[in-house]
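Peer 1: predicted structure and sequence below. I'll ask about it afterward.
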Amino acid sequence: MKLLRLAALPRPYAWLIDPAVILHVGALAALLVAQLVLSDYAILSLARVMVLAVYAVGYNILFGYAGLLSLGHAMLFAAGLYGAGLSAAHLSFGAPEAFLAGIAAGFALSLAFGLVALRTSGVAFMIVTLMFAQAGYLTSLYFADYTRGDEGFVLRGDIRRAVLPGGLSLDLTNPVVRYNLALALLAVCLIGCLALVRSPVGRVLVAIRENEERTRMLGYDTQATKLLALVLSGTVAAAAGAAYALLFAYVGATFASIQYSILPLLWVLLGGAGTVLGPLVGTVLMFYLVDVTSGYTSAYMLVVGVALLVLVVWFPKGLLGTLRERAMPWLP
Amino acid sequence: MAPVTLLSTVGLSRHFGGLRAVDNVTFELAQGEVRAIIGPNGAGKSTFVGLVCGRIAPSAGRIVFEGRDITNLPAHRRVRLGIAYTFQITSIYGNLSVFDNVALAVQSAMRNGVRPLASEDGVRPLARSASAKVAPTEARGLTPSSELDSRVSDALSRVGLSDRGDAKASTLSYGHQRLLEVAMGLALAPKLLILDEPTQGLSDAEVAGFCDLIRAIARDATVLLIEHNMDVVMQLAGRITVMNNGAILSEGTPAEIRVDAAVQRAYLGA
């Protein structure tokens, strides 16, 4: 594919006709417009999918770009979920404060997690992250007095109304408000991820994924860069968890279980690891695959399994990864 | 003018269990030298340069670079001080373009405020190539920067890979991959360039071109070269250090080493 010529515009405005920027802004604009035509049910489910896609975007920073396979991200998602949910339920935080508390919990936990887990690499890293997440899950069960364990708790009352600085009040029980808040969070994370991967740091992340030793011997502090990737990834995952708790009003230990560590991996693999839009594409596809097939058969997980097998055989780099390889080399 | 010492080691050792891979090596390298390290297989040459560039931690001894003790400095910090290392087994980013491979090295140098090495106009490019311009970086999603562009183009043209910028690095021939690795070393604009068996696996024609390149590089940087090809060593090196069993056996000019009885014993087993 022939690239657009960028020389025509003065440099500060060149990004305006950058195909990658157009594609990503276009995808977000399509989601914005979609709410005008979608059914109530679709608006409800797509809001949930977008929050989970934020989780996948965060996971992809570490897995897709830095090449580190974590099996412990459920802990970081749950850190956001509980950080927001517990502070709202027990400390009477308002929704914006609870959201920030969730992000702060995720940031602090990823930093501690990274400092320990990044002392290992490869399979050992996977196992260490898995063990961390298991400890996190058991912790959420242990403090059942506060978390109500597997059963979880529901957020009620004032917390369902977010009063933003400036006096703007948002009703979080309204599906359209939820949809647009989820979209806003997705937009921030997606554009942030695009900016990250096209920055010099993003290039170093890819370099670490491709050949860590070479990267170290080019003078890069690979350990510090991996920690940065993990903290960013974990903080975005926690933001998704916090948003999930506040928008959908349910906080439970299921979200800290191993299942929620595997899911973002599948979403990212399906959409294309190491592509900015891949996590969103993967999350949407997987959700609707389950949603549609479960309407026809109780064996819907079999269909999902077959779909994943097809993916592995014919699209090992995920949908967008394969597209990039075959037709769109500029895709970030 | 007395030569300025760029690098020195004092009592440098590395033991792997009972094996003394590098044993109490005291070594000096003057600025501007081309020094070759030779020795039989297992003499400890690669381990020694691994200690110098920080890939391997020493068991004992000190390393001093430009008057500064770097013994405890991690490898990436040593690279920033100006020690570049090219791997014995070619180590490039196979999935990235040739341009991006070098751009990563340039980005590292630029971040550390390192000026590029002066490029030599009179140098014949190594690989036969037209002087095709490398496309602008925006096409590859890199941070747009004309300085980055020009420094990458410069490094590629010095090794003669200008027209391969867009190629995926893994698709290059073996000889060109070695040149790419040298280009990455050059792009770091190092004070000391360590080459670990750079001509291994190259054809005779490629070796000849390689020698020209090293001579050109040596005008700006000090070169430390591990090499098995004696023709290359005799052509390039101002001085030669011979290692055997982890220790320095002998040191001198090519002419001195050629007639050194101890060296002949180590090599020929006489």
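Peer 2: Thanks, I have the structure now.

Peer 1: which residues of the stretch 101-250 of chain A lie near chain B?
Peer 2: Residues of the stretch 101-250 of chain A found near chain B (C-beta under 8 Å from any C-beta of the partner chain) are A:197-200, A:203-204, A:206-207, A:210-211, A:213-222. Bear in mind the C-beta positions are built from the backbone N, C-alpha and C, glycine included.

Peer 1: show me the shaky parts of chain A.
Peer 2: Within chain A, the segments meeting pLDDT under 70 span A:1-16.

Peer 1: hang on, the earlier thing: which among the residues of the stretch 101-250 of chain A next to chain B count as buried?
Peer 2: Among those, those buried by neighbour count (16 or more other C-beta atoms under 10 Å in any protein chain shown) are A:197-198, A:200, A:203-204, A:206-207, A:210-211, A:214-222.

Peer 1: which of the residues of the stretch 101-250 of chain A next to chain B fall within helices?
Peer 2: Among these, the members falling in helices (DSSP state H) are A:197, A:200, A:203, A:204, A:206, A:207, A:210, A:213, A:214, A:215, A:216, A:222.

Peer 1: ok, those vs residue B:153, which is closest?
Peer 2: Ranked by distance to residue B:153 (C-beta to C-beta), those are led by residue A:203 at 17.5 Å.

Peer 1: so the closest one sits right up against residue B:105, yeah?
Peer 2: No: shown here, residue A:203 and residue B:105 do not form a contact pair, counting by C-beta atoms under 8 Å, at 11.3 Å.

Peer 1: for the stretch 1-150 of chain B, which segments count as strands?
Peer 2: B:5-16, B:19-30, B:34-38, B:60-65, B:68-69, B:83-86 (DSSP state E, counting those that start in this stretch).

Peer 1: now chain B against chain A: closest residue?
Peer 2: Proximity of chain B to chain A (C-beta to the nearest C-beta) peaks at residue B:79, 3.4 Å away.

Peer 1: check that residue and give its pLDDT.
Peer 2: Note on residue B:79: pLDDT of 93.

Peer 1: report the spatially closest residue to it, excluding sequence-adjacent ones.
Peer 2: Once flanking residues are discounted, residue B:79 sits nearest to residue A:219: 3.4 Å by C-beta to C-beta, 6 or more residues apart in numbering or on different chains.

Peer 1: and the one you found, what does it touch?
Peer 2: Applying C-beta atoms under 8 Å, 6 or more residues apart in numbering or on different chains, we find residue A:219 in contact with B:76, B:77, B:79, B:80, B:108, B:109, B:112, B:188.

Peer 1: apply 10 Å and report the result again.
Peer 2: With contact set as C-beta atoms under 10 Å, 6 or more residues apart in numbering or on different chains, residue A:219 has these partners: B:75-84, B:104-105, B:107-109, B:111-112, B:114, B:188, B:190.

Peer 1: can you pull out the helices in the stretch 1-150 of chain B?
Peer 2: Per DSSP state H, counting those that start in this stretch, the stretch 1-150 of chain B carries helices over the ranges B:45-53, B:75-81, B:98-111, B:146-159.

Peer 1: show me what the shortest one is packed against.
Peer 2: The reference is to helix B:75-81. Contact here means 3 or more C-beta pairs under 10 Å, 6 or more residues apart in numbering or on different chains; DSSP states H and E; on that basis helix B:75-81 packs against helix A:212-216, helix A:222-248, helix B:45-53, strand B:60-65, strand B:83-86, helix B:98-111.
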